[in-house]
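Enquirer: here is my input; please provide its structure:
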Amino acid sequence: MMAKIAKIEERHEDGRLKTEIWALPLDEDFLETLFRDLFENHWAELTFGPMIQGGAYELRCPGPPKSINVGDGYFTVHWGRGGHFHLCIGESRAEPEIVAHRRPGKCELVRGMDKHGDPVTWSLRVENGKGESTLSIYFPNPFLTDEDGLADTPDWSRLALWHHTLKTYAGHDPDGRDTLGKGFR
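Expert: As a prediction, the model looks like this:
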C-alpha cells in the first residue's frame, strides 16, 4: 500500500476552497507505474492532453495502445495510425539544463471545487521543471456524459477511476466529499 501523501488546499483570495492537491513522487519508476496503469488499464476512460496558456487539449484514446515503452527518460504511448505521445519522466542523454527543463517538476492529483467549495472536477496534472504543462488527465466526471455533454443526474460510479488512483498512488480512501458537488448547471 502506498504511504499517505498529504493533501494541500489552495484557496481563493476570499478564503473559499479552490482545489485540493496531492503532490505525487517524481521518480521515474513511480511515474512509469502510474502512467502505465492509466494508459494500459484505463485508456477508455481517459481524457488527456496539455493545458497551456491559450489552449486546452482534451483528447480521448483512439483505442487500446499498441505499445507502451520507456526509453531515454521518455514514456511513450503508441496507437499506430491513432498517433502517439512522448512524456519526459526521467533522465535522458540531453544536456543537464535541457533535462532539468523537460523532467517533471510536479505531478499532482487535483480535485477542483465549485464556488461553494464542493468537488466538480478530478484530474492529474504534470508540469515540467519550468512549470509548463506537459500532461493533464481528466478523470471521468459524474456531471458529464461520455459524449462530453452535461448529465441530467450525476453518475457517481464515474468516480471509480479517481478513487482507484487516489488510493493506489496517494494512499487515500474516498473521504465522502466527492458527492457533495452539484455540477455545472
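Enquirer: checking Leu87 next. Helix, strand or coil?
Expert: Put simply, Leu87 is strand when judged by DSSP: H, G, I helix; E, B strand; the rest coil.
Enquirer: got the end-to-end distance for stretch 52-72?
Expert: This stretch, stretch 52-72, spans 25 Å end to end (Cα to Cα, to the nearest Å).
Enquirer: ok, residues contacting it?
Expert: The set of residues external to stretch 52-72 that reach it, using Cβ atoms under 8 Å, 6 or more residues apart in numbering, is 28, 32, 36, 39-40, 43-44, 46-51, 75-80, 82-83, 89-90, 92-93, 132-133, 138, 148. The C-beta positions use only the backbone N, C-alpha and C, and glycine is treated the same way.
Enquirer: if we go to 7 Å?
Expert: With contact meaning Cβ atoms under 7 Å, 6 or more residues apart in numbering, stretch 52-72 is reached by 32, 36, 39-40, 43-44, 46-50, 76-80, 82, 92-93, 133, 138.
Enquirer: buried stuff in that stretch?
Expert: By neighbour count, and taking 16 or more other Cβ atoms under 10 Å as the criterion, the buried residues in stretch 52-72 are 61, 65, 68, 70.
Enquirer: gap between the last one and Asp155?
Expert: In this view, Val70 and Asp155 are 34 Å apart by Cβ to Cβ, to the nearest Å.
Enquirer: cool, thanks, talk later.
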